[in-house]
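**Q** fold the following, please.
(2 chains)
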Amino acid sequence: MAEGRTARRAPARGRLSTIAGIVLLALMLFPVYWMVNASLQPAGGVLRGDWFPRHPDLSGYATALRDQGRALVTSLVVALGSAVLSLVLAAPAAYALALLPLRGGAPVMFGVLVSQTVPGIVVANALYGAYSDLGLLNSYGGLILADSTAGVPFAIIVLRAAMASIPREVIEAARVDGAGQLRVFASIVLPVSRNALITSGLFAFLFAWSDFLFALTLNTTETVRPITLGLYDYVGAHSNQWNAIMATAVLAAVPAAALLVAAQRHVTAGITDGALD
Amino acid sequence: MRNEGRWEPVARWLFVTPAVGYLLLFFGLPVAENVVMSLRDYTATTFYTGDAPFVGPRNYFETLSSDQFPQALLTTVVFIVGSLAGQFTLGLALALFFARAFPLGGVLRSLLLLPWLLPMVVSATTWRWMLDTDTGVVNHALRALHLVPSGVPWLTDTSGALTSVILVNIWVGIPFNTVILHGGLRDIPTQLYEAAELDGAGPLTTFRHITWPLLRPVAGVVLLLGAIYTVRVLDIILVMTGGGPADATQTLATRAYDLSFQQFEFGRGAALGNVLVLVSLVFAVVHLRAGRRALHG
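**A** Got it, this is the predicted structure:
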């Protein structure tokens, strides 16, 4: 009898929870909606603040692409570069830390964890002088290297956790068959760690795409200007063109939104693994 | 297998060397360099002349005894405590809400992550526009609901500005708290809840005696990571208020940025940066110990 009652009541309660969940999500994501809404308003000194884009106007996007198109390309180059660099540095290190008997592995791992707590402004403060001497200010390479300070430790942590769960017997069997460490790494460990590689690559990309501090401090000219810096300068210089500013914000938000929709599982895994290991 | 013998350890280290080299160059060296810089009169002219005379602890005295330091310290503490309290409470509430399985629950929970994934500059720009005194949607809504007679000066008033940047930082941090706490809730054995239900325990008693004690280690990790993220936040403040009005939103991090990259007092910026490192290091040590406890019971 009791079972029958819960069975009848559960779907109704579930639907109610779904409705409540949608309302909560709508509240949380309202700023995102408002950003898109504002980006579709016609140009004008002060927006009227319509609740819906009744007459969607793409002139904001036209202006944004004209003014910030190059910055978007710059961000793409820097973020891709940082994702590749982070994986290239982190994957072999994670392999050795997870699966090889490594003398001094524990201190290295401790260093990786501690490095995540160093505030970016401290790194930027010292890098500025070093970059100035080495001619790395206003360079793609310099910014990619600096932006990877977020991606490299994160990728090591996520990849090491994933690789540690590979059964030792698989590795041992390959070693007995005469495979060298490089072979084991390239043809067994990397393919098996595909998910973790995607997760850490995605995050390294997002970290670099979102970077503002290094873009702001390590660039003194217009040569290398990613979209975050472009948006920041835009707000300062054209604070009356809000539709173009918001269109720029939407364009800068696209990779994060796209990744979330396309790779939900990886995103959740990345946040949890990065935080709790 | 034996034939590689004595080269094995060397070969193993070759896998780690590139990453370790990078970490030393981009974390180790900068931290050390900041200590050196903080003891020198390192300014804009240093880049032309190469001169940075040793001045001992003078940069620390000047920075720590300046009128702005106590205010920036207080603002930082308020910013961290306010942000964490809001992020954690709302994040926990959402985690508890999503802990029960219902249709679309997983999808909704994933979409909730968006604020955390957006570049902070994007979020801050949007909120700055929403909080505009005259044209912002927040005041528009408050006026429409007759909650305020005229616009609230969110970003132009000293206490309003600090509240605003805290609110935005809470908004950014909620998803992170929700995801981690949700994971923690899922790890609590369901038998415990079933047993409590059999004993006739209400939801409040269950939360106090089962959920909270078992969630505490994860809660500790979330709060400490939140503190580590929050102490270094620059983007939100620089975009929304630029540290103003009248330095009301100037934290230790924005002050360090201001000293180095606006006033070109790199030595003094480094001194303040080292104070930040020290604060983060305390959080880090607590975090690493708490994290170990959370993982290994």
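**Q** could you pull out the helices for the stretch 51-200 of chain A?
**A** A:59-99, A:105-115, A:120-134, A:140-164, A:168-176, A:181-184, A:190-192, A:194-210 (DSSP state H, counting those that start in this stretch).
**Q** now the ones you listed in TSV, with mean pLDDT and distance to chain B?
**A** Where you see a C-beta, it was placed from the backbone N, CA and C, and this is true even at glycine. Output for these, formatted as TSV (pLDDT from 0 to 100; distance: least, CB to the nearest CB, whole Å):
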stretch	mean pLDDT	distance to chain B
helix A:59-99	96	4
helix A:105-115	90	4
helix A:120-134	94	4
helix A:140-164	96	5
helix A:168-176	86	6
helix A:181-184	88	6
helix A:190-192	94	12
helix A:194-210	94	4
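**Q** for B:Asp132, which of those is the nearest?
**A** helix A:59-99 (17.0 Å; CB to CB).
**Q** for the closest one, packing partners?
**A** helix A:30-39, helix A:105-115, helix A:140-164, helix A:194-210, helix A:227-237, helix A:242-262, helix B:8-23 (3 or more CB pairs under 8 Å, 6 or more residues apart in numbering or on different chains; DSSP states H and E).
**Q** run the chain-centre distance for stretch B:69-77.
**A** Chain-centre distance of stretch B:69-77: 16 Å, with CA atoms, centre = their mean, to the nearest Å.
**Q** what comes up buried for stretch B:16-26?
**A** Residues of stretch B:16-26 classed as buried by neighbour count (16 or more other CB atoms under 10 Å in any protein chain shown): B:16, B:18-20, B:22-23, B:26.
**Q** same list (the helices and strands packed on helix A:59-99) but as TSV, adding distance to A:Ile121.
**A** Shown next, in TSV, are the helices and strands packed on helix A:59-99 (distance: least, CB to CB, whole Å):
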stretch	distance to A:Ile121
helix A:30-39	26
helix A:105-115	15
helix A:140-164	12
helix A:194-210	16
helix A:227-237	16
helix A:242-262	22
helix B:8-23	18
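**Q** so which of the ones you listed is nearest B:Asp67?
**A** Using CB to CB, the helices and strands packed on helix A:59-99 put helix A:227-237 closest to B:Asp67, at 27.3 Å.
**Q** so that closest one versus helix A:194-210, what angle?
**A** 30 degrees (axes from the mean of the first three to the mean of the last three CA atoms, to 10 degrees).
**Q** and helix A:227-237, what does it pack onto?
**A** Packed against helix A:227-237 by the contact rule (3+ CB pairs under 8 Å, 6+ apart) you find helix A:59-99, helix A:194-210, helix A:213-217, helix A:242-262, helix B:120-130, helix B:235-240.
**Q** and A:Val170, which of those is closest to it?
**A** It is, among these and with distance given as CB to CB, helix A:59-99, at 10.0 Å.
**Q** gap between the closest one and the chain center?
**A** The chain centre lies 9 Å from the centre of helix A:59-99; the measure is CA atoms, centre = their mean.
**Q** check stretch A:121-141 too.
**A** Offset of stretch A:121-141 from its chain centre (CA atoms, centre = their mean): 22 Å.
**Q** would you turn the helices and strands packed on helix A:227-237 into CSV with distance to B:Gly82 and mean neighbour count?
**A** Converted to CSV, the helices and strands packed on helix A:227-237 look like this (distance: least, CB to CB, whole Å; neighbours: other CB atoms under 10 Å in any protein chain shown):
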stretch, distance to B:Gly82, mean neighbour count
helix A:59-99, 31, 21
helix A:194-210, 23, 23
helix A:213-217, 22, 24
helix A:242-262, 25, 21
helix B:120-130, 16, 25
helix B:235-240, 13, 25
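**Q** out of those, which is closest to B:Gln68?
**A** Proximity to B:Gln68 (CB to CB) singles out helix B:235-240 among the helices and strands packed on helix A:227-237, at 14.6 Å.
**Q** now for that closest one, which elements pack on it?
**A** Counting by 3+ CB pairs under 8 Å, 6+ apart, helix B:235-240 packs on helix A:227-237, helix B:120-130, helix B:158-186, helix B:252-257.
**Q** select, out of those, the one closest to B:Glu62.
**A** helix B:252-257 (12.6 Å).
**Q** average pLDDT for that closest one, rounded please.
**A** Averaging pLDDT along helix B:252-257 yields 96.
**Q** hmm, who's touching it?
**A** Helix B:252-257 is contacted from outside by A:119, A:121-122, A:125, A:213, A:217, B:68-69, B:72-73, B:76, B:231-234, B:237-238, B:243, B:269, B:272-273, B:275-276, B:279, using CB atoms under 8 Å, 6 or more residues apart in numbering or on different chains.
**Q** would you list the buried entries among the residues you listed?
**A** Those of the contacts of helix B:252-257 that meet the buried threshold are A:119, A:121-122, A:125, A:213, A:217, B:69, B:72-73, B:76, B:231-234, B:237-238, B:243, B:269, B:272-273, B:275-276, B:279, by 16+ other CB under 10 Å.
**Q** picking up where we left off before, who wins for proximity to A:His266 among the helices and strands packed on helix B:235-240?
**A** The nearest among the helices and strands packed on helix B:235-240, by CB to CB, is helix B:158-186 at 12.9 Å.
**Q** tell me what the closest one is packed against?
**A** Judged by 3+ CB pairs under 8 Å, 6+ apart, the packing partners of helix B:158-186 are helix A:2-28, helix A:264-276, helix B:68-99, helix B:105-111, helix B:114-117, helix B:120-130, helix B:212-231, helix B:235-240.
**Q** let's see it at 7 Å
**A** Judged by 3 or more CB pairs under 7 Å, 6 or more residues apart in numbering or on different chains; DSSP states H and E, helix B:158-186 is in contact with helix A:264-276, helix B:68-99, helix B:114-117, helix B:120-130, helix B:212-231, helix B:235-240.
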